[in-house]
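> Requesting a structural model of the entry that follows:
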Amino acid sequence: MKIALAGQLGAGCTEVARLISEKTGVKVFNSETLIRKLIVDLGTSFRNLQEYVASGEVNMDKILDSLVLDIINAEEDVVIEGRSAFFLLKRKDVFKVLLVADDDFRAERVSNRRGITLEEAKEDIKHSDEERRNLVKRFHNVDWLDPKLYDLVINTSFRDMEDIANLMLKAYEELFKI
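Residues are numbered from 1 along each chain as shown. Next up is the predicted model:
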């Protein structure tokens with residue numbers, strides 16, 4: 001089982017990935033876990049890595065792209081979640097899912113999770129959407145919200161994340177005939 005779970009900030013990607021992992025035992029990787037793995041592998045610190053990136057010596061997106069491809073090729077069962085999932089949009093052997101949600105729903109979730117105001121959450125969402133749009137445009141020259149890029153698009157607004165995880169697993173079984 002190889003799943004690329006992308007989504008809008010606040011749509012529930014991290015929670016759904018965790019639920020899928022709990023139900024199936026698959027490993028979950030996202031940008032944060034990949035960066036931590038990179039720091040350990042390089043024997044450096046986060047601060048040093050930040051300095052390399054800021055200096056232009058390394059391109060973090062290209063490094064993450066390479067790490068994601070290494071993991072997807074090495075692991076039999078894996079969920080790549082969040083921004084890192086965008087690196088897999090062209091892969092045919094990966095179940096690609098996009099989670100979207102109503103802007104107010106997203107803002108409420110982000111506000112609650114981060115302990116910030118709704119206005120701050122809306123700004124974070126705006127910034128995140130722009131960042132994701134730019135990343136996918138740079139790597140694939142497509143619109144990241146184009147449903148044709150994914151095997152399944154789910155609107156998570158006001159839905160139970162457990163139900164979303166179950167729906168994804170059923171769709172995976174059907175599409176990949178396991």
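
> Report the separation between the spatially most central residue of the chain and residue 118.
Centroid-nearest residue in the chain, with Cα atoms, centre = their mean: residue 82, separated by 1.2 Å. Distance of residue 82 to residue 118, computed by Cβ to Cβ, to the nearest Å: 22 Å. Where you see a C-beta, it was placed from the backbone N, CA and C, and this is true even at glycine.

> Also residue 110?
9 Å.

> who's more crowded, those two?
residue 110 (21 against 13; other Cβ atoms under 10 Å).

> ok but the more buried one is inside a helix, no?
Yes. Residue 110: assigned to a helix according to DSSP: H, G, I helix; E, B strand; the rest coil.

> which other helices and strands contact the lowest-mean-pLDDT helix or strand in the chain?
For the chain, using mean pLDDT, DSSP states H and E, the weakest element among its helices and strands is helix 46-55, scoring a mean of 76. When contacts are defined as 3 or more Cβ pairs under 8 Å, 6 or more residues apart in numbering; DSSP states H and E, helix 46-55 packs onto helix 31-42.

> show me the contacts for the closest residue to residue 166 other than its chain neighbours.
Nearest non-adjacent residue to residue 166, counting by Cβ to Cβ, 6 or more residues apart in numbering: residue 23, 7.9 Å away. Listed by Cβ atoms under 8 Å, 6 or more residues apart in numbering, the contact set of residue 23 reads 165, 166, 169.

> Next one, pLDDT for residue 23 please.
Per-residue pLDDT puts residue 23 at 96.

> And for residue 58?
For residue 58, the predicted pLDDT is 69.

> and the residue nearest to residue 166, how far is that from residue 161?
From residue 23 over to residue 161 (counting by Cβ to Cβ), the distance is 12 Å.

> Tell me which residues of the longest helix seen in the chain come out buried.
Scanning the chain for the longest helix, with DSSP state H as the assignment, gives helix 118-140. For helix 118-140, the neighbour count (16 or more other Cβ atoms under 10 Å) marks 121, 122, 124, 125, 128, 129, 132, 135, 136, 139 as buried.

> is it true that the first one touches residue 110?
Put plainly, it is residue 121. Yes. Counting by Cβ atoms under 8 Å, residue 121 touches residue 110, with 3.9 Å between them.
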